[in-house]
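**Q** Pasting the sequence and the predicted model now:
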Amino acid sequence: MSKQPTLLVRAYWAAAVLALAAAIAVVLFYTPDEVTMGPVQKIFYLHLPMAINTFFACLLVFVASIGYLWQRSLWWDDLAAAGAKVAVLLSSGVLATGMIWARSAWGQWWTWSPRLTFSLMLWLLYVVYLVVRTSVESGQRRAVVSAVYGITAFLDVPLVWLSARLMEDIHPSSVTLSGQMRVTLTLWFLPVTLMAAGLVLARFNLTRRIRERGLTMERRFHPTGMQVSQGVA
Amino acid sequence: MSSAHYAITAYVIGLGLMICYGLVLWRQSRAMHRRSRGGDRR
């Protein structure tokens, strides 16, 4: 397998950049301002795709963790780690954009409503996942601990999803959009999903290469030729 | 701060996070590629 970025990878990122440029142009010049909230409502076109992609990243950690416990292959563990890193990144974006919207719409940065509290918990759970990974030395032991934790942490995702629907919450559970607004929202899913998936793949490939390189170095320099540790968190 | 300023700030932070992480990964990937091409001199 070639270690250089292939034409396909370059084409993928070019498509993501083009989709992002188109989405920015649409939100600036095509989408009308919402009548009561004004331009701040446009945060929604970024906020929702980031939130949905956070759920997909958490789902990836969940599936990869099960995959690891089933097959005991570090390939799954690396995939889970890449998913968790992007989940933290995206949920940070969701919290930040949501807080900015709340400041303008509700007059306060934060309120302890069920949806917001479970979202903050989700962010914390995956930050702790990354901390746990760096705190366990042995490769296989780290993978087992992370997999069990990754499966458990996913339990918060349905809570975030259902909280605004089942409990009384200031956070809207559904939004009615006009035709142009619906087109904009649909369009924004493309660049955000392309970027999120691209970041997971890039992180995963980099981790695999570091691991392969680490193993090569250990075989070359360790007198017994045995694997000593697998230091990829 | 006006409503438009809040919107711009949110977009800069949200997209900025993803773009910055992408650039970090790109730099790490390039550094790794350069090291494996040049051979390890440890």
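**A** Great, that's in hand.

**Q** center of chain A, which residue is that?
**A** A:Ala87 (2.5 Å; C-alpha atoms, centre = their mean).

**Q** With A:Ile52 as the reference, measure out to that residue.
**A** Taking C-beta to C-beta, to the nearest Å as the measure, A:Ala87 falls 12 Å from A:Ile52. Yep, even glycine has a C-beta here, placed from its N, CA and C like the rest.

**Q** returning to what we had before: quick check: the residue nearest to the centre of chain A vs A:Phe154, distance?
**A** Per C-beta to C-beta, A:Ala87 is found 10 Å from A:Phe154.

**Q** any residues in contact with both of the two?
**A** A:Cys58, A:Val61 (C-beta atoms under 8 Å, 6 or more residues apart in numbering or on different chains).

**Q** I'd like the mean pLDDT over stretch A:22-31, please.
**A** Averaging pLDDT along stretch A:22-31 gives 94.

**Q** longest helix anywhere in chain A?
**A** When chain A is parsed with DSSP state H, its longest helix is helix A:179-221.

**Q** all helices of the chain, in order?
**A** No chain in the question, so chain A it is. A:7-29, A:44-71, A:74-105, A:114-135, A:139-153, A:156-166, A:179-221.

**Q** meant chain B actually
**A** With DSSP H as the criterion, chain B has helices spanning B:3-38.

**Q** Please list the residues of it that sit near chain A.
**A** B:1-4, B:6-7, B:9-11, B:13-15, B:17-18, B:21-22, B:25-26, B:28-29, B:32-33, B:36, B:40, B:42 (C-beta under 8 Å from any C-beta of the partner chain).

**Q** For ChimeraX, what selects the buried ones among those?
**A** Buried members of the residues of chain B next to chain A, defined by 16 or more other C-beta atoms under 10 Å in any protein chain shown, are picked up in ChimeraX with:
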select /B:3,6,7,9,10,11,13,14,15,17,18,21,22,25,29,32
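
**Q** any weak-confidence spans in the chain?
**A** Here I'm looking at chain A. Confidence mapping of chain A against pLDDT under 70 gives the ranges A:1-5, A:215-233.

**Q** that's the wrong chain, I meant chain B
**A** In chain B, residues with pLDDT under 70: B:39-42.

**Q** The same query, at a cut-off of 50, please.
**A** Within chain B, the ranges that satisfy pLDDT under 50 run B:41-42.

**Q** thinking again about what came up before, isn't the residue nearest to the centre of chain A right up against A:Tyr126?
**A** Yes. The criterion here is C-beta atoms under 8 Å, and A:Ala87 meets it with A:Tyr126 at 4.8 Å.

**Q** anything in contact with each of these two?
**A** Common neighbours of A:Ala87 and A:Tyr126 (C-beta under 8 Å, 6+ apart) are A:Cys58, A:Val61.

**Q** that older thread, tally up the residues packed near the residue lying closest to the residue nearest to the centre of chain A once chain neighbours are set aside, please.
**A** With C-beta to C-beta, 6 or more residues apart in numbering or on different chains as the criterion, A:Ala87 has its nearest non-adjacent residue at 3.7 Å, and that residue is A:Ala57. Neighbour count for A:Ala57, taken as other C-beta atoms under 10 Å in any protein chain shown: 25.
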